[in-house]
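A.B. asks: sequence and predicted model, in that order:
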Amino acid sequence: MLFAIFCTDKEDYLDVRLDNRPAHVKHLNSLGDHLVFAGPTLADDNATMNGSLIVVDFGTRAEAETFAANDPYAKAKLFDSVVIRPWKKVLP
């Protein structure tokens with residue numbers, strides 16, 4: 001089952017994001033085939049990272065929640081909010 005994980009950074013926490021980015025990317029890469037896609041959301045300047053959108057393929061919501069809770073960004077208290085929703089790929 002696919003899950004979309006929408007994360008919004010706390011305001012003025014870009015340094016926390018940058019400091020923890022290598023560990024975050026390593027965490028994502030550890031998922032192998034469970035990772036569908038991932039990337040940062042951007043501010044209106046189209047450059048400043050301000051959140052994350054991650055789509056994962058897990059058997060249960062609990063697995064998606066565990067993955068999200070163990071993300072180095074989450075452990076560094078980067079996020080103001082994290083929303084996990086089941087997602088259905090339709091196109092293309």
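C.D. replies: That came in fine, so what should we check first?
A.B. asks: hey, let's count contacts and neighbours off CA atoms from now on
C.D. replies: Fine.
A.B. asks: which strands or helices does the longest helix seen in the chain pack on?
C.D. replies: In the chain, taking DSSP state H as the definition, the longest helix is helix 14-29. Contacts defined by 3 or more CA pairs under 8 Å, 6 or more residues apart in numbering; DSSP states H and E place helix 14-29 against helix 72-75.
A.B. asks: give the buried residues for whichever helix or strand comes after the longest helix of the chain.
C.D. replies: Using DSSP states H and E, the helix or strand that follows helix 14-29 in sequence is strand 35-42. Neighbour counts using 16 or more other CA atoms under 10 Å place Leu35, Pro40, Thr41 of strand 35-42 among the buried residues.
A.B. asks: hmm, what's the outermost residue in the protein?
C.D. replies: Largest separation from the mean C-alpha position in the chain: Pro92, at 22.2 Å (CA atoms, centre = their mean).
A.B. asks: circling back: would you put the C-alpha positions of the longest helix of the chain in PDB?
C.D. replies: C-alpha atoms of helix 14-29 as PDB (Å, rounded to 0.1, in the frame of the first residue of the first chain):
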ATOM      1  CA  LEU A  14      16.900  25.400   7.500                       C
ATOM      2  CA  ASP A  15      20.200  24.900   9.400                       C
ATOM      3  CA  VAL A  16      18.700  21.800  11.100                       C
ATOM      4  CA  ARG A  17      17.600  20.500   7.800                       C
ATOM      5  CA  LEU A  18      21.000  21.000   6.200                       C
ATOM      6  CA  ASP A  19      22.900  19.600   9.200                       C
ATOM      7  CA  ASN A  20      20.800  16.400   9.100                       C
ATOM      8  CA  ARG A  21      20.400  16.000   5.300                       C
ATOM      9  CA  PRO A  22      23.100  13.300   4.800                       C
ATOM     10  CA  ALA A  23      21.600  11.100   7.500                       C
ATOM     11  CA  HIS A  24      18.100  11.700   6.100                       C
ATOM     12  CA  VAL A  25      19.200  10.700   2.600                       C
ATOM     13  CA  LYS A  26      20.900   7.600   4.000                       C
ATOM     14  CA  HIS A  27      17.700   6.700   5.800                       C
ATOM     15  CA  LEU A  28      15.700   7.100   2.500                       C
ATOM     16  CA  ASN A  29      18.200   5.000   0.600                       C
END
